[in-house]
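Student: give me the fold of what follows.
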Amino acid sequence: MTDRRIVIKAALGCGIGAMLPELTLAQNDPRNARPQVGDRLVFADGDQKGALITLEALRVGGQPVTAIPKDAASGVVRDGSRLNQILLVRLDPARLQGDTAERAAQGVVAYSAVCTHTGCDSFSWTPEKQSYKCPCHDSEFDPADGAKVIGGPAPRRLPALPVKVIDGQLVVAGVFTGRVGATAN
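Tutor: The predicted structure is shown next:
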């Protein structure tokens with residue numbers, strides 16, 4: 001019986017050991033890295049996927065855009081993790097409340113595109129309320145007030161990502177203000 005346990009443990013150890021190089025490579029892959037200061041924001045999907053997002057591409061009060069960061073120096077698009085998806089919307093700067101204005105660039109605010117409730121990453125826009133709504137469980141977030149929860153079961157606001165405009169392009173100006181993704185139960 002003891003010999004069998006030793007063989008099983010050795011086999012499990014070898015299996016895990018064989019996976020370690022792949023896990024290490026995945027962790028060190030720049031495509032998986034969170035947005036870095038200086039990254040440019042590019043369209044995450046659609047006809048313009050991968051194209052740089054300019055200030056002119058976002059209309060005040062218009063539909064939000066899903067973006068992902070792109071390393072300006074290397075050109076690496078950080079699309080290896082869905083946690084890098086970012087919701088961008090341009091609001092009237094006069095509507096921005098609290099420290100939201102400090103993180104915004106000419107009314108453009110950026111938030112994690114992963115819901116803090118169960119991790120869904122598909123939001124809809126409610127134009128009349130100018131709010132994000134997660135269709136999974138109807139959590140709503142107010143982008144003008146730090147993406148605070150204004151309805152539904154989400155336990156916390158969406159983490160914000162500070163942005164700035166350089167040469168007309170949207171650029172990451174800081175790190176997410178909180179942990180991205182769903183709250184662990």
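Student: C-alpha from now on. contacts and neighbour counts both.
Tutor: Noted.
Student: which stretches of this structure have low pLDDT?
Tutor: Residues of the chain that meet the criterion pLDDT under 70 lie in 1-27, 184-185.
Student: which parts of it are strands?
Tutor: Taking DSSP state E as the test, the strands found in the chain are 40-43, 65-70, 86-90, 108-112, 124-126, 131-133, 140-142, 148-151, 163-166, 169-172.
Student: now render those strands as TSV, adding distance to Gly178.
Tutor: TSV is the format used below for those (distance: least, C-alpha to C-alpha, whole Å):
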stretch	distance to Gly178
strand 40-43	19
strand 65-70	17
strand 86-90	14
strand 108-112	9
strand 124-126	22
strand 131-133	18
strand 140-142	15
strand 148-151	13
strand 163-166	15
strand 169-172	15
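Student: I'd like to know which of the ones you listed is closest to Arg34.
Tutor: Closest to Arg34 of these, according to C-alpha to C-alpha: strand 65-70, at 8.3 Å.
Student: hang on, the earlier thing: between the strands of the chain, which one is nearest to Leu55?
Tutor: Leu55 lies closest to strand 169-172 among those, at 6.0 Å (C-alpha to C-alpha).
Student: and the closest one, how far out from the chain's middle?
Tutor: With C-alpha atoms, centre = their mean, to the nearest Å as the basis, strand 169-172 stands 14 Å off its chain's centre.
Student: same question for stretch 67-85.
Tutor: That offset, for stretch 67-85, works out to 10 Å (C-alpha atoms, centre = their mean).
Student: and for stretch 52-64?
Tutor: With C-alpha atoms, centre = their mean, you get 17 Å for stretch 52-64.
Student: so if we follow the domain assignment, how does this protein break up?
Tutor: 1-30, 32-172 (automatic domain parsing).
Student: any idea which of those domains is most buried?
Tutor: domain 32-172 (a mean of 19; mean count of other C-alpha atoms under 10 Å).
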